[in-house]
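In: Sequence first, predicted coordinates after that:
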Amino acid sequence: MSIKFEKIINGIYIDPIIFTAKFVKTCDVCVCSGECCYYGVYIDKNEYDLIMSIKDRVINACDDSQTKDSTRWFEAPEVDTDFQSGIAVGTEVYNQKCVFLDKQGFCILQKIAIEDKEFKWKYKPLYCILFPLVIFEGALTIDDEHIDRMHYCSLKHNQTTTMFEHSREELRYFFGEKAFEELLQYRDHYLIKISKESGVEIEK
Ligand code: SF4
Ligand code: SF4
């Protein structure tokens with residue numbers, strides 16, 4: 001990314017487009033079938049290790065639209081400095097969807113955590129938690145490319161809130177309470193600034 005942004009929180013640049021770009025208020029897999037999970041995802045090698053540490057639990061949770069053969073769950077690891085460990089691993093697509101998506105459109109990694117009374121995102125890859133936001137070249141921004149593939153949440157008439165509001169819980173989790181408050185203050189400061197500049201009040 002050639003343009004860097006003015007604000008950095010926890011070492012991450014903040015692209016202020018997240019405060020104004022629109023998105024659906026909440027995800028509803030009954031409507032969208034979880035289509036953002038149809039393409040698989042690149043995850044950190046550490047996330048791969050965590051998932052493989054509960055391999056038998058995952059096998060038990062797979063339904064008949066998924067493969068219980070764990071050798072078919074992931075692509076070969078590759079070097080990628082965008083990931084914390086320096087190694088990325090792609091999840092495979094099986095039956096036209098990520099191997100971890102069940103036939104009802106739910107991620108079984110999240111289902112397992114909830115069923116086992118663990119934190120709901122314990123096993124879920126960070127990319128999946130943050131989407132429609134993404135960390136790209138050190139900046140928190142919106143994942144335009146992937147959003148454009150969607151048939152429900154990409155449609156303007158379904159987008160009734162901002163990316164930031166849609167992703168509040170995820171951002172609070174990602175940044176932690178203190179840094180999230182800083183992000184919130186930056187959002188308010190940024191919206192006041194652009195409202196003054198444009199003479200039009202920008203809604204939160
Ligand atoms: S991001 Fe879009 S496709 Fe994915 S679960 Fe939410 S509404 Fe559905
Ligand atoms: S790991 Fe889960 S949330 Fe991520 S793409 Fe696969 S099914 Fe979707």
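Out: That came through fine. Ligands and ions are numbered 1, 2, ... in the order given.
In: CA only for contacts and neighbour counts going forward, please
Out: Fine.
In: give me the number of residues near residue 173?
Out: Residues lying near residue 173 (other C-alpha atoms under 10 Å) number 14.
In: So it lies in a helix, does it not?
Out: Yes - checked against DSSP: H, G, I helix; E, B strand; the rest coil, residue 173 lies within a helix.
In: Quick check, pLDDT for it.
Out: Predicted confidence (pLDDT) at residue 173: the value is 98.
In: measure it to residue 194 for me?
Out: As for residue 173, its distance to residue 194 is 27 Å (criterion: C-alpha to C-alpha, to the nearest Å).
In: got it, and residue 162?
Out: 16 Å.
In: ok, those two, which is more surrounded?
Out: residue 162 (20 against 13).
In: Leaving out the residues flanking it, which one is nearest to the more buried one?
Out: Distance criterion C-alpha to C-alpha, 6 or more residues apart in numbering; nearest residue to residue 162, sequence neighbours excluded, is residue 22 at 4.2 Å.
In: Show the contacting residues for that neighbour.
Out: Taking C-alpha atoms under 8 Å, 6 or more residues apart in numbering, we find residue 22 in contact with 156, 159, 160, 161, 162, 163.
In: swap the cut-off to 10 Å and go again
Out: Residues in contact with residue 22 (C-alpha atoms under 10 Å, 6 or more residues apart in numbering) are 153-166.
In: What's the ChimeraX line that selects buried ones from those?
Out: To isolate the buried members of these in ChimeraX, using 16 or more other C-alpha atoms under 10 Å:
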select :153,154,159,161,162,163,164,165,166
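In: which ones among the contacts of residue 22 are found in strands?
Out: 161, 162 (DSSP state E).
In: Just give me the closest of the contacts of residue 22 to ligand 2.
Out: The closest of the contacts of residue 22 to ligand 2 turns out to be residue 153 (C-alpha to the nearest ligand atom; 15.3 Å).
In: tally of neighbours for the residue of the chain found nearest ligand 1?
Out: Going by C-alpha to the nearest ligand atom, ligand 1 is nearest to residue 27 of the chain, at 3.8 Å. Using other C-alpha under 10 Å, residue 27 has 14 neighbouring residues.
In: What's the separation between it and residue 131?
Out: Taken as C-alpha to C-alpha, the span from residue 27 to residue 131 is 11 Å.
In: Give me the distance between the residue of the chain closest to ligand 1 and residue 154.
Out: For residue 27, the distance to residue 154 - C-alpha to C-alpha - is 12 Å.
In: and what of residue 126?
Out: 21 Å.
In: Check residue 141 too.
Out: 16 Å.
In: What of residue 103?
Out: 22 Å.
In: Regarding the protein, what is its longest helix?
Out: For the chain, the longest helix by residue count, based on DSSP state H, is helix 177-198.
In: So which bits of stretch 111-125 are buried?
Out: 111, 112, 113, 121, 122, 123, 124, 125.
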